[in-house]
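In: Got a predicted structure plus its sequence, pasted below:
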Amino acid sequence: MQASKIKVSIYEDNNHLRDSLSKLIIAFDEFELTGAFPNARSIIDNIEDEKPDVILMDIDMPGITGIEAVALVYAKFPEIKVLMQTVFDDDDKVFRSICAGAVGYILKKTAPTDLLDGIREAYIGGAPITPSIALKVLKMFKLQSAPHKNEEFDLSEREKEILSHLTKGLSYKMIADVANISIDTVRFHIKNIYEKLHVHSMTEAVSKALKENLV
């Protein structure tokens, strides 16, 4: 009896790379290409139609970014494994992707055989991560695990709500939609959050929120 194939969908706005990835998946009998898309604007409908097991997700796409798409997928289809792909191992994007629900993070320069291994690993419940990115994740973990003093930050309930959305990888626009407020109001609250937490970036805010159990 033949084992079931691993169903893979691809989200990549670079036409050449999307075509190359599609051909790579199709070339191996253990995989089934369920879709290859230039953007994630219809990702929920795509998933309901194609029912992939693993998604290869470009982190930088027009309209809806890969990080925003991961958050959408994880909220509605937590059983689907999303493997991020990017050109750069950017600290902020790595952290936000993982917070949003990505199970792995692989650089686009990864060899095809290693990419296929990453898909297999993600499918069986692993967390495939390019070595250079794994080092960054370990450093982030050490920072979060370091001893710290309990502090009172005096965050309002709305600020805690918005901070919680940030830890899930939501963009300002998505937060505005979920919280039913304007993007300017989101920016106002985030500015106050930064000041109260004594941080200067989204990564620092999310890291501190998790470390201090603020959300």
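Out: That came in fine, so what should we check first? Residues are numbered from 1 along each chain as shown.
In: Check the spacing between the nearest residue to Ile43 once chain neighbours are set aside and Lys23 real quick.
Out: Ranked by Cβ to Cβ, 6 or more residues apart in numbering and with sequence neighbours excluded, the top spatial neighbour of Ile43 is Ala69, at 5.3 Å. C-beta: built from backbone N, CA, C; applies to glycine. From Ala69 across to Lys23, the span is 23 Å (Cβ to Cβ, to the nearest Å).
In: out of the two, which sits in the busier spot?
Out: Of the pair Ala69 and Lys23, Ala69 is the one with more neighbours under other Cβ atoms under 10 Å, namely 27 against 11.
In: you'd agree that one is up against Ile44?
Out: No - using Cβ atoms under 8 Å, Ala69 is not in contact with Ile44; the gap is 9.4 Å.
In: hey, C-alpha coordinates of stretch 55-75 in CSV?
Out: Taking C-alpha atoms only, stretch 55-75 is exported to CSV below (Å, rounded to 0.1, in the frame of the first residue of the first chain):
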residue,chain,number,x,y,z
ILE,A,55,3.0,25.5,3.2
LEU,A,56,6.2,27.1,1.9
MET,A,57,5.7,30.8,2.7
ASP,A,58,7.7,33.7,1.3
ILE,A,59,8.1,36.2,4.1
ASP,A,60,8.0,39.3,1.9
MET,A,61,4.9,39.5,-0.4
PRO,A,62,2.7,42.4,-1.6
GLY,A,63,-0.7,42.9,0.0
ILE,A,64,-0.4,40.4,2.9
THR,A,65,3.1,39.6,4.2
GLY,A,66,4.1,36.1,5.0
ILE,A,67,4.1,36.8,8.7
GLU,A,68,0.5,38.1,8.5
ALA,A,69,-0.5,35.0,6.4
VAL,A,70,1.1,32.7,9.0
ALA,A,71,-1.0,34.3,11.7
LEU,A,72,-4.2,33.8,9.6
VAL,A,73,-3.4,30.2,8.9
TYR,A,74,-2.4,29.4,12.5
ALA,A,75,-5.7,30.9,13.8
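In: now that stretch: mean pLDDT?
Out: The average pLDDT for stretch 55-75 rounds to 91.
In: Can you list the buried residues in that stretch?
Out: Going by neighbour count (16 or more other Cβ atoms under 10 Å), the buried part of stretch 55-75 is 55-61, 64-74.
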